[in-house]
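In: below are the sequence and a predicted model for it; my questions follow.
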2 protein chains.
Amino acid sequence: MTLLVVTMKHEATHPRKTGRPLSFDRDDVLNKAMLTFWQSGYETTSISDLTAAMGVTAPSLYAAFGNKQQLFLEAMRRYAGDPVALEQDITAAPTAHDAVAAMLRRAALLYTGETTPPGCLLASAAATGSPDAAEVRAAVAAERRAIRDMIQRRIEVDMGRGLLPSDTDPAPLADLAIAVMQGMSVLARDGADRERLLAVAETAMLGWRVPARTHPTDISMHHP
Amino acid sequence: MTLLVVTMKHEATHPRKTGRPLSFDRDDVLNKAMLTFWQSGYETTSISDLTAAMGVTAPSLYAAFGNKQQLFLEAMRRYAGDPVALEQDITAAPTAHDAVAAMLRRAALLYTGETTPPGCLLASAAATGSPDAAEVRAAVAAERRAIRDMIQRRIEVDMGRGLLPSDTDPAPLADLAIAVMQGMSVLARDGADRERLLAVAETAMLGWRVPARTHPTDISMHHP
DNA sequence: AATGTTTTATAGTGAACGATATGAAACCTA
DNA sequence: TAGGTTTCATATCGTTCACTATAAAACATT
């Protein structure tokens, strides 16, 4: 059993040498599937929609990706990007405030891309649905929660460094950051352009009680 | 043509005296339809789901509500409530800040009701979908935009009264209010409880540059 | 009780859904 | 070139979709 799984994983990265070769680029058609789910949602995108967008017949789709759910999950992971890289970005930012501001600005750009659907795949593709798709919704929710928790951890780090008041409540700030980001997706879907979304991102950061910055070594002095 | 419409509207409020009477309360089953759409979304709720939840057979559903789209739109209008009443609430509030804070607190309660699905119907029921449902998504978007515009108008009123700095930009504040509200729906769907949502609502209001309040007559003096 | 009107329950419409069985086609190895 | 392996295009599979034709049932009126 274990051997089988290992063999399959090996084949996924190193395709067999024999047999008829794939007539499509797996990465390319996965990207097209991602865009289709992004545009039309998980349950509300049909296999027929996907095969049309990907330029691949149904049997090929199932052979390459398993089924509709597995295809979506793979597309979602591609959309969300590498979580390790995100964690590093958040950690490397000068402050939690900077990290969240940068994330919201990136979201404003991502949600208003000219070659991508408006809004956020994580916010719109599985906002709701039938009981059959509960697993998919849980997977999307887990992705959101992972981002939220990274933000909260970074806020706690800043509190320890005196970069935020010691009586700051990290959880509502992290929740608010996610809420604003996902809410920006709704605005984008409703037609808000890049400028408006960037303004929302900036306005959302005004609520943070950030101490006035002087020299880095003096920062902790401002909040004894 | 006009006569026909008038006649139909009259019949809708004053049912005919003859014929077999309705075996269900139209208001009651509409409420159950609203809850079903709220829980499972527009396209991802089937007629079969609706008839089961409403306790009404398909032919009765179609006779009473027309079709699935019309049923949803009627359910959505019930969810959204009377727009005139909302406008009055926003107008009657002491300040724009108070009006938005109250709206976000109401949202926190609504999204975490014990007898209703988590989150917001306007945010989740038609976040995305197939081209067939474009009309429904446009109707939901129009509902959101109406609320947003009420908030912006109230902000402009407060600026005129000196209740907000004269260099305030009303649009981003109104956009942010909607973004936070719709984002709170995502948090609620992900399991956030009432306390967490209320904390998000309070935190979101911290970004407003509200002049310190003294006597009402003195307010305008603070921003010459 | 007979008639007219409306709603009821039953059963079923064609179309689209997610997913596959099948055999020919296209490659590598030997 | 022959054998082995994998993917290809075609043609579906049974189920569910939104929706409705039909006729019996339940009322008011006469």
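Out: Okay, I see it.

In: okay, which residue is most central for chain A?
Out: residue A:80 (3.3 Å; Cα atoms, centre = their mean).

In: nearest residue to it in space, please, no chain neighbours.
Out: Distances taken as Cβ to Cβ, 6 or more residues apart in numbering or on different chains place residue A:143 nearest to residue A:80, at 5.2 Å, with adjacent residues excluded. All C-beta spots, glycine's among them, are computed from the backbone N, C-alpha and C.

In: if I pick the one you found, what's in contact with it?
Out: A:76, A:80, A:122 (Cβ atoms under 8 Å, 6 or more residues apart in numbering or on different chains).

In: of those residues, list those near DNA strand D.
Out: Of the entries in these, none also sits close to DNA strand D under the rule Cβ under 7 Å from any atom of the strand.

In: out of those residues, which sit inside helices?
Out: Under the assignment DSSP state H, those contribute A:76, A:80, A:122 to helices.

In: from those residues, which single one is nearest chain B?
Out: residue A:122 (8.8 Å; Cβ to the nearest Cβ).

In: who's in contact with that closest one?
Out: Residue A:122 neighbours (Cβ under 8 Å, 6+ apart): A:76, A:79, A:80, A:140, A:143, A:144, A:182.

In: also residue A:204?
Out: Per Cβ under 8 Å, 6+ apart, neighbours of residue A:204: A:104, A:176, A:177, A:180, B:176, B:179, B:180, B:204, B:207.

In: ok, the lengthiest helix in chain A near DNA strand D or not?
Out: Scanning chain A for the helix with the most residues, using DSSP H, yields helix A:134-160. No: Helix A:134-160 is not in contact with DNA strand D by Cβ under 7 Å from any atom of the strand; minimum separation 14.8 Å.

In: mind pulling up the pLDDT for the residue of chain A found nearest DNA strand D?
Out: Nearest residue of chain A to DNA strand D, counting by Cβ to the nearest atom of the strand: residue A:19, 2.1 Å away. Note for residue A:19: predicted pLDDT of 86.

In: check the gap between it and residue A:55 for me.
Out: 21 Å (Cβ to Cβ, to the nearest Å).

In: so for these two, which sits in the more crowded spot?
Out: Taking other Cβ atoms under 10 Å in any protein chain shown, residue A:19 and residue A:55 do not tie; residue A:55 has more neighbours (12 against 7).

In: give the contact list for that one.
Out: A:24, A:29, A:32.

In: and residue A:166, its phi and psi?
Out: Backbone torsions for residue A:166, taken as degrees, to the nearest 10, come to phi -70, psi -20.

In: what residues does chain A put near DNA strand D?
Out: So far as Cβ under 7 Å from any atom of the strand goes, chain A lies against DNA strand D at A:16, A:18-24, A:56-60, A:63-64.

In: pLDDT below threshold where in chain A?
Out: A:1-17, A:213-224 (pLDDT under 70).

In: what does it put close to DNA strand C?
Out: A:17-21, A:43, A:45-49, A:58-59, A:62, A:67-69.

In: buried subset of the residues you listed?
Out: A:43, A:45, A:49, A:68 (16 or more other Cβ atoms under 10 Å in any protein chain shown).

In: determine which two of those residues are furthest apart.
Out: A:43 and A:49 (11.4 Å; Cβ to Cβ).

In: out of the residues of chain A next to DNA strand C, which touch chain B?
Out: Counting by Cβ under 8 Å from any Cβ of the partner chain, A:43, A:45, A:46, A:49 from those sit close to chain B.

In: can you redo those residues as a markdown table with secondary structure?
Out: Listed next are these as a markdown table, based on DSSP: H, G, I helix; E, B strand; the rest coil:
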| residue | secondary structure |
| --- | --- |
| A:43 | coil |
| A:45 | coil |
| A:46 | coil |
| A:49 | helix |
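
In: now distance to residue A:211 too, for the residues you listed, in JSON lines please.
Out: What follows is these, written out as JSON lines (distance: Cβ to Cβ, whole Å):
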{"residue": "A:43", "distance to residue A:211": "47"}
{"residue": "A:45", "distance to residue A:211": "47"}
{"residue": "A:46", "distance to residue A:211": "53"}
{"residue": "A:49", "distance to residue A:211": "51"}
